[in-house]
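J.: This is the structure alone, sequence omitted:
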């Protein structure tokens, strides 16, 4: 019924386009400016890119940072982020490493940060977390403490941080109380002045505008791939924006 | 269905606001519901839960306090415990509905995008442990935290009420002390599989006991303070302050105007432990309400107030129904459409069902009260709120 209504709408929209003669620029990955919380600077990223023409990014996260199946890894957002950055900064050696461990809470992930700094020496760590904490209903205070400690460890180790919150999942959102965890991530991001990639509200926006049907059920990989592609590209824009990089300065051959 | 509202001695303002609180809780429980933007929580620190807990404490003391004075500790205590048992059964019933919905999701939803979210089903792999933990009130799914709080508060209410009746200041003092010690030593009850109660009973008891204290003469004692222009102005100023702060949560760019030191002081606003800012916000709302809405406000007896009042007078049934309806509304939004018109529709239909159900329960009670051979209607108030406290 839902798909029927959606296709009816699509047909209607198409008809309207034809009638008006205008071509609506379909930009499914569009993120409205009010969702870019945190006007903070990614200093280490800026330095690495400008001085060394090198950028190492580590994605630390849980199950929603990967996709299953043989075509999963190249389609998941860390790989899409790498591709987008390489395209925008062709003269910079961009490397995105993924350190994903499923079923880990923020506290579990925070413990691995020291080792991560030594092993990978990232300029930037994208820390995706919160979902499992919400599912297991971890004490929100403990969750915040874990975030605090993780971010402090990373800052001490000379890495920039971007926090990424949960996915918007309309089918399960009555069962998983994300609220306190999303709020705590925002508070920690503000206190430590790190950008928050507000995946929850960005995906909600995409759902509301009809860019994606996130209510869909079934084993459809296409939707997952498209969403991850958008997330990867959006983070790439966020990084370029927050590190005050001008893509024009990093064209190939420079 | 427009049955007359029982008025003798009962403050209808309480029923009105508890009824409205029940509607707001229902709206807040439907995820992704734009209608919930109109609810209290978006315009200040406290939300409908505070109203619900306070009014519940007030009515419990109003009804059982009278009973305890007239018929003694044992009878009143026994009735309170019977009520506690009813609420426990209601909670288990809601848990069964929750299990049904989540099991349905488990079998019908396989979107690879949401593999991680499906960890919510982990507990179905160990039904033995989970169901027992749920019966022990340690495993509480999201949105099902209020009734366990209520169960604990009522379970301990007989001695609390006794103390409130005969040493009211001491009782209130003990409640405040417990609240302070809870903050000092981080007391809370353990949850399964981890963490603690989402509504910490050691902290939230303050609001319940305070409500009870007000019902047993505290409100009269505070009357001069409550009506003083100084108190009212402070309350209004605080509500405005909370409103401005809450705007910064939703309007980007406004956050920068909040001084850093103020952020340090007020955040995080802890719902688990009934943050003092939330408590104060509720008090301010109460002060303003009492100041501007008189007890004999004609509106309270009009047909327009009836829907909220009748819901407020059957709060347990309507609360449970509201939780169920929020599941059903979410289900409808997932299966049919999540569009705004649908959100409006499920919100409105849900509230209408709550009103109709409350009217029906009221009708049953009146019918039973009139039929020969049934329990006498000697104290209609106690019967009314005995079902409702």
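T.: Perfect, thanks for sending it. As the structure is a prediction and not an experimental result, all values here were calculated from the model.
J.: What mean pLDDT does the helix or strand where residue B:353 lies get?
T.: Using DSSP states H and E, the element containing residue B:353 is helix B:340-370. Per-residue pLDDT over helix B:340-370 has a mean of 92.
J.: What separation is there between the residue of the stretch 101-250 of chain B found nearest chain A and residue A:103?
T.: Distances between the stretch 101-250 of chain B and chain A by C-beta to the nearest C-beta are smallest at residue B:116, namely 3.2 Å. Where you see a C-beta, it was placed from the backbone N, CA and C, and this is true even at glycine. Residue B:116 sits 9 Å away from residue A:103, taking C-beta to C-beta, to the nearest Å as the criterion.
J.: now swap in residue A:157 and tell me
T.: As defined by C-beta to C-beta, residue A:157 lies at a distance of 25 Å from residue A:103.
J.: got it, and residue A:148?
T.: Using C-beta to C-beta, which is the criterion applied here, residue A:148 is 22 Å from residue A:103.
J.: if we can go back for a sec, which neighbours do residue B:116 and residue A:103 share?
T.: A shared contact of residue B:116 and residue A:103, defined by C-beta atoms under 8 Å, 6 or more residues apart in numbering or on different chains, is any residue touching both; here these are A:62-63, A:132.
J.: tell me which of the residues you listed is nearest to chain B?
T.: Taking C-beta to the nearest C-beta as the measure, chain B sits nearest to residue A:63 out of the shared contacts of residue B:116 and residue A:103, at 3.2 Å.
J.: Can you tell me the closest non-neighbouring residue to the closest one?
T.: In space, residue A:63 comes closest to residue B:116 once its chain neighbours are excluded; the distance is 3.2 Å by C-beta to C-beta, 6 or more residues apart in numbering or on different chains.
J.: ok, the one you found touching residue A:129?
T.: No - proximity of residue B:116 to residue A:129 does not meet the contact threshold set by C-beta atoms under 8 Å, at 10.9 Å.
J.: any shared contact partners between these two?
T.: Contact criterion C-beta under 8 Å, 6+ apart; residues shared by residue B:116 and residue A:129: residue A:62.
J.: With neighbour numbers in mind, choose between those two.
T.: Using other C-beta atoms under 10 Å in any protein chain shown as the criterion, residue B:116 and residue A:129 rank with residue A:129 on top: 29 against 23.
J.: show me the contacts for the more buried one.
T.: Taking C-beta under 8 Å, 6+ apart as the test, what residue A:129 contacts is A:60-62, A:105-106, A:109, A:147, A:163-165, A:185.
J.: For the stretch 1-150 of chain B, what lies in contact range of chain A?
T.: B:29-32, B:98, B:101-102, B:105, B:108-120, B:122, B:141-143 (C-beta under 8 Å from any C-beta of the partner chain).
J.: let's see 6 Å
T.: When proximity is defined as C-beta under 6 Å from any C-beta of the partner chain, the stretch 1-150 of chain B approaches chain A at B:31-32, B:102, B:108-110, B:112-117, B:119-120, B:142.
J.: Tell me the one among these nearest to residue A:247.
T.: Using C-beta to C-beta, residue B:113 is the member of the residues of the stretch 1-150 of chain B next to chain A that sits closest to residue A:247, with 29.3 Å.
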